[in-house]
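# What shape does this take:
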Amino acid sequence: MKKQDFYFLGIVILLFLPFFISKDVYDFYKEFNHNHGMVTAFLKFAILATLGELVGLRIKTGAYYEIGFGVLPRALVWGFIGLTIKLAFVIFASGTPVFLNYMGLSDATVAMNGSFSTTKLFVAFCISVAMNIIYAPVMMTFHKISDIHIVSNAGTLKGFFTPVHFDKILTGMNWDVMWNFVFKKTIPFFWIPAHTITFLLPPDVQVLFAALLGIALGTILAVAGKK
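From the prediction side, this is the model:
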C-alpha cells in the first residue's frame with residue numbers, strides 16, 4: 001500500500017466512524033432513512049458508488065484521481081441511479097412474490113415477511129433474477145453512456161449538462177465487452193447472488209448494502225475498462 005491508499009482509507013473510516021461511535025447519529029440515520037428512503041438512496045449511491053469508481057480508477061491507473069475523471073458529475077449520475085435502484089427494489093420486491101403466488105407458490109409473500117427459510121431464500125433469489133434480467137442491463141448501459149459522456153466533456157460540470165449524443169455513443173460502445181463480460185459474467189455470477197443476499201436483509205438496510213456493493217462495481221468497471 002502507498003501513502004495515497006492510507007489517506008483514502010482514512011477518509012473512508014472518518015466517513016463511517018460517527019455511525020459506530022455515536023448512538024444518536026446512528027438513530028438519526030435510521031429514522032431519516034426510514035422516512036426519506038429516496039433521499040438517502042441518492043446520497044448513499046452518490047457517495048459510496050463514487051468511492052467505488054475511485055477504487056476502480058486506482059486499479060486502472062495507480063491513482064485515485066486524474067484530470068478529466070469528473071468526480072462530481074459521476075456522483076450526480078450515481079445519485080440518480082440510486083433513485084432508480086430504490087424504485088426497482090420496491091417494484092421487484094413487491095411484485096415478484098405476488099407473481100410467485102400467482103404461479104402457485106402460495107406462501108411467497110408471507111415467507112418474505114417472516115424469518116429465514118428455504119422458501120424465503122428461493123423468493124429472494126427470484127426477486128434478484130427478475131431485477132437483474134429486466135432492470136440491470138438498462139442501468140448498466142445507461143451508466144456506460146453517462147461515463148463516456150463525462151469523459152468526452154473533460155469531466156466538467158458544464159460539459160456534463162450539455163446534450164448527450166446517444167446515437168453516437170451507442171454505436172461506438174464496445175458491445176463485445178458489455179455482452180460477454182458485463183452482462184454474461186457479472187450478472188449471473190456476481191449480481192444475482194449478491195442481490196439474493198440483499199433481499200434477505202430488512203428493507204431499510206437493502207439500499208445501503210446495495211450502495212456498498214458499488215465499491216465492487218467500481219472494481220468490475222475497472223476490469224471492463226482494461227478490456
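
# show me where pLDDT drops low in this structure?
Counting by pLDDT under 70, the chain contains low-confidence residues at 218-227.

# So which residues of it form helices?
Residue ranges of the helices in the chain, as given by DSSP state H, are 3-21, 23-35, 37-44, 50-61, 71-102, 108-112, 118-134, 136-152, 157-160, 166-172, 175-177, 192-198, 203-226.

# could those go into JSON lines alongside mean neighbour count and distance to Lys184?
From N, CA and C alone the C-beta is placed, and that goes for glycine too. Conversion of the helices of the chain to JSON lines gives the following (neighbours: other C-beta atoms under 10 Å; distance: least, C-beta to C-beta, whole Å):
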{"stretch": "helix 3-21", "mean neighbour count": "11", "distance to Lys184": "32"}
{"stretch": "helix 23-35", "mean neighbour count": "12", "distance to Lys184": "34"}
{"stretch": "helix 37-44", "mean neighbour count": "19", "distance to Lys184": "28"}
{"stretch": "helix 50-61", "mean neighbour count": "20", "distance to Lys184": "20"}
{"stretch": "helix 71-102", "mean neighbour count": "18", "distance to Lys184": "21"}
{"stretch": "helix 108-112", "mean neighbour count": "19", "distance to Lys184": "28"}
{"stretch": "helix 118-134", "mean neighbour count": "19", "distance to Lys184": "12"}
{"stretch": "helix 136-152", "mean neighbour count": "18", "distance to Lys184": "11"}
{"stretch": "helix 157-160", "mean neighbour count": "14", "distance to Lys184": "30"}
{"stretch": "helix 166-172", "mean neighbour count": "11", "distance to Lys184": "19"}
{"stretch": "helix 175-177", "mean neighbour count": "13", "distance to Lys184": "10"}
{"stretch": "helix 192-198", "mean neighbour count": "18", "distance to Lys184": "12"}
{"stretch": "helix 203-226", "mean neighbour count": "18", "distance to Lys184": "12"}
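
# any chance of those helices in JSON lines, plus distance to Lys185?
Written out in JSON lines, the entries for these read as follows (distance: least, C-beta to C-beta, whole Å):
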{"stretch": "helix 3-21", "distance to Lys185": "27"}
{"stretch": "helix 23-35", "distance to Lys185": "32"}
{"stretch": "helix 37-44", "distance to Lys185": "26"}
{"stretch": "helix 50-61", "distance to Lys185": "16"}
{"stretch": "helix 71-102", "distance to Lys185": "21"}
{"stretch": "helix 108-112", "distance to Lys185": "28"}
{"stretch": "helix 118-134", "distance to Lys185": "12"}
{"stretch": "helix 136-152", "distance to Lys185": "12"}
{"stretch": "helix 157-160", "distance to Lys185": "30"}
{"stretch": "helix 166-172", "distance to Lys185": "21"}
{"stretch": "helix 175-177", "distance to Lys185": "10"}
{"stretch": "helix 192-198", "distance to Lys185": "11"}
{"stretch": "helix 203-226", "distance to Lys185": "9"}
